[in-house]
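# Have a look; sequence and predicted model below, questions after that.
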Protein chains: 2
Amino acid sequence: MQLREQVLHAISTGSLRPGDQLPTVREVATDLAINPNTVNRAYAELEKDGTLSSRRGKGTFVADLGAQARVKKVDRLADIAKRALAECRAFGFTTDDLIGALKRQREV
Amino acid sequence: MQLREQVLHAISTGSLRPGDQLPTVREVATDLAINPNTVNRAYAELEKDGTLSSRRGKGTFVADLGAQARVKKVDRLADIAKRALAECRAFGFTTDDLIGALKRQREV
DNA sequence: CCTATTGTCCTAAGTATTTAATACAAGTAT
DNA sequence: ATACTTGTATTAAATACTTAGGACAATAGG
């Protein structure tokens, strides 16, 4: 999750642009003293929603979001919303309650 | 979570009203072929935010929400919002994105 | 072709979370 | 008072989840 956040932050600030190559799975792994598999998982999740694009022997790159990529991202967002909503219902809150709380959160 | 949801649903539909006694921890446990401790945890969480009120030797009852109870519930809601928001950021979404998704969810 | 580099899969180890088993404490009622 | 009913605490077992280790697969480039 931390890796994903960092990658997306780099993209949103512009230090990573569509087409740019990301550091290799193994590079990041040795840098952070972590397992390549963990890095791969972060990359894979971002590839799943169309943010990244990976090719064997080549590397991992920032994708430019096409139509279907946007759809996947929206799906993921809907999933997050769905789960948060389920939790809310489990505590007796409504959708509007949650929206209100989110707006309040933003003010802080 | 399932237990909490069921209790709250019963309250929201009016089949459980403030002052009503809930089935005993052990009753629910044997009914569902589950451990009393699990039931207790559900009850305890609902007591924590002021929804229920438990007394030894007596039983567990639906509380009528006073002022401080509402505050606790709000805290819990804020916590849910906070976590959902963190997850959103980890995938590059904003607060408004999430709010939009929630509204969309409601329509369905 | 053949070697090196890259992402990927599979299995096990580690870690955290949840549930169960049992014993305890406090209030109720006979 | 004493036995019973109820919620609660404590510790262990079970379960789920995450990370690591090592091997595999595909592509690139000489």
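Cool, got the structure.

# lowest average confidence, helix or strand, in chain A?
Least confident helix or strand of chain A, by mean pLDDT, DSSP states H and E, is helix A:67-90 with a mean of 86.

# CA-only coordinates of the helix or strand that comes right after that helix in PDB, if you can.
Next along the chain after helix A:67-90, taking DSSP states H and E as the criterion, comes helix A:95-107. Extracted as PDB, the C-alpha positions of helix A:95-107 are listed here (Å, rounded to 0.1, in the frame of the first residue of the first chain):
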ATOM      1  CA  THR A  95     -24.800   6.800   3.200                       C
ATOM      2  CA  ASP A  96     -25.400  10.400   4.000                       C
ATOM      3  CA  ASP A  97     -23.800  10.000   7.400                       C
ATOM      4  CA  LEU A  98     -20.700   8.800   5.700                       C
ATOM      5  CA  ILE A  99     -20.700  11.600   3.100                       C
ATOM      6  CA  GLY A 100     -21.000  14.100   5.900                       C
ATOM      7  CA  ALA A 101     -18.100  12.600   7.800                       C
ATOM      8  CA  LEU A 102     -16.000  12.700   4.700                       C
ATOM      9  CA  LYS A 103     -16.700  16.400   4.100                       C
ATOM     10  CA  ARG A 104     -15.900  17.100   7.700                       C
ATOM     11  CA  GLN A 105     -12.700  15.200   7.400                       C
ATOM     12  CA  ARG A 106     -11.700  17.400   4.500                       C
ATOM     13  CA  GLU A 107     -12.100  20.500   6.500                       C
END
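
# Tell me how many other residues crowd A:A29.
A:A29: 17 surrounding residues under other C-beta atoms under 10 Å in any protein chain shown. For the C-beta atoms, the positions are set from N, CA and C on the backbone; glycine is no exception.

# wait, is it part of a helix?
Yes: according to DSSP: H, G, I helix; E, B strand; the rest coil, A:A29 belongs to a helix.

# Hmm, it is touching A:A42, no?
No: counting by C-beta atoms under 8 Å, A:A29 does not reach A:A42; the two are 10.7 Å apart.

# residue ranges with poor pLDDT in chain A?
Scanning chain A for pLDDT under 70 picks out the ranges A:67.

# For DNA strand C, give me its nearest residue in it.
Here the residue of chain A nearest DNA strand C is A:V25; by C-beta to the nearest atom of the strand that distance is 3.3 Å.
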